[in-house]
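Enquirer: Following is a predicted model, sequence given first.
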Amino acid sequence: MDEKSKRLAFAIVEYLTTVSASPAVTDDERESLDVASQCIQDVFKIDASDDDQVQLFSMKPASLMSVFDVYLKTKQAKSAKAAAAAPSKPKEVSEADKKAAEDLKAQGNKLVAAKQYAEAIAKYSQAIERNPTNAIYFSNRAAAYSGNQEHEKAIEDALEAARIDPNFSKAYSRLGVDLCTLLATPTMPRQFQKAHDAYLKAVELDPANGTTKQALAQVKARLPEVTEPEHSADANDDDDEDTQQDASSVDRGMPDFGAGSAGAGAGADPLAGLAGLAGGAGGLAGLLNNPNIMQMAAQMMQNNPGLAQMAAQMMGGGAGAGARGGAGGPDLASMMNDPTIQQAMQNPDLLNMLGGAAGGAGGRGGRGGRGGRGRRG
């Protein structure tokens, strides 16, 4: 036997000797322990009474029991750590909780339609407490966070919705919307690749969604190195009815409220009328079709009433009529002498946006009098 085996056998013999000396052991048990000890010594060619072997093989002052105690404590600690790291089993959701969660979701949808985003977030959060396994609730709350300009939280909810249901296309389109919105903020790092990947996944899962395809194309325009993806023909189109949405709701990250949720005419986006400045095609019109720019412009107008007034005057009477350039348009000279408009024109973000539009339009300024016909909101 090798020395390591003899050391272990010697420790076992010492342990049996300790047990044998215990007053709790009967005479018959002590005799059995002595026989076992002698058999081990014979097999491993050791002698527990030999001082030289005691010096060579003994673990004293440690003992086999003390080593075993250390092993048990270590194993227990590792088991506790592994249990803490293991994902908890999703709780079983009762039918009553599922129904209550659906009712709360419906209330949240109505609140978002009324642009009461904070109240909608509270309703969706209550729905999630009742049923945290439904990706739709996280997706809709992401939309409410987006409307409330809390885009980081919207991204977290979109990612959670995708984790719960990797085939839920709306989760990825929501993620793309809010990533693009953050990209429009100068203080945020450039993350076009992440936005591209999110939109790409959404298109792969829902290839019939033209609005998401358009958003993907706009992001790809900033990524020349990305090639056109090949989309699978057998994408999943068997989502819950809440995953179906109209085209106008995708760009803004809103939940599905049905056909009556999208207004028109006076309720449309006032910035859409500015498309007439570029003749309805290219330049500023192209920017107005970009969800990133529209989000940034909406925030600019909200923070500066002068921008909203300027947009309204350029529209010449509402988004439904469009911008009326030429003889039928507003008096630009008097408009630009308005102190409110002059103050608004000092906004660097607005100047950059209009400068980009002018560069994109090129030499087509002479066609500006035709104006645009406006967009439905």
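Expert: It's in. Remember, predicted model here, so these are calculated numbers, not experimental data. Numbers count the residues shown, from 1 in each chain.
Enquirer: Could you give the backbone dihedrals for residue 93?
Expert: Main-chain dihedrals, residue 93, degrees, to the nearest 10: phi -100, psi 120.
Enquirer: where's it relative to residue 114, distance?
Expert: Distance of residue 93 to residue 114, computed by CB to CB, to the nearest Å: 28 Å. (C-beta placed from N, C-alpha, C; glycine too.)
Enquirer: So which of these two has more stuff around it?
Expert: residue 93 (14 against 10; other CB atoms under 10 Å).
Enquirer: list the contacts for residue 139?
Expert: Contacts for residue 139 (CB atoms under 8 Å, 6 or more residues apart in numbering) come out as 157, 158, 161, 168, 170, 171, 174, 255.
Enquirer: what about the closest residue to the fourth one other than its chain neighbours, distance to residue 127?
Expert: I take that to be residue 168. Spatial nearest neighbour of residue 168, chain neighbours left out: residue 135 (4.8 Å); criterion: CB to CB, 6 or more residues apart in numbering. For residue 135, the distance to residue 127 equals 12 Å [CB to CB].
Enquirer: Check the burial of residue 200 by counting its neighbours.
Expert: 19.
Enquirer: And the one 10 residues further on, by the same measure?
Expert: The tally of other residues near residue 210 (other CB under 10 Å) stands at 11.
Enquirer: Relative to residue 26, how far out is it?
Expert: Look at residue 210 and residue 26: by CB to CB, they are 88 Å apart.
Enquirer: follow-up on the earlier one: could you pick out which of the contacts of residue 139 are located in helices?
Expert: Per DSSP state H, helices hold the following members of those: 157, 158, 161, 170, 171, 174.
Enquirer: Per-residue pLDDT of the closest residue to the first one other than its chain neighbours, please?
Expert: Taking CB to CB, 6+ apart, and ignoring the residues beside it in sequence, residue 157 has residue 142 as its nearest neighbour in space, at 3.7 Å. In the predicted model, residue 142 carries a pLDDT score of 92.
Enquirer: quick one: residue 142 from residue 94, how far?
Expert: Counting by CB to CB - residue 142 and residue 94 are separated by 25 Å.
Enquirer: Residue 115 now?
Expert: From residue 115 over to residue 94 the distance is 33 Å, taken as CB to CB.
Enquirer: Next: residue 43.
Expert: 62 Å.
Enquirer: quick one: residue 217 from residue 1, how far?
Expert: For residue 217, the distance to residue 1 - CB to CB - is 76 Å.
Enquirer: same deal with residue 132?
Expert: Applying CB to CB, the value for residue 132 to residue 1 is 59 Å.
Enquirer: repeat for residue 61
Expert: 25 Å.
Enquirer: For the stretch 101-250 of the chain, which segments are assigned as helices?
Expert: Counting by DSSP state H, counting those that start in this stretch, the stretch 101-250 of the chain has helices at residues 117-130, 135-147, 151-164, 169-183, 192-205, 210-220, 247-252.
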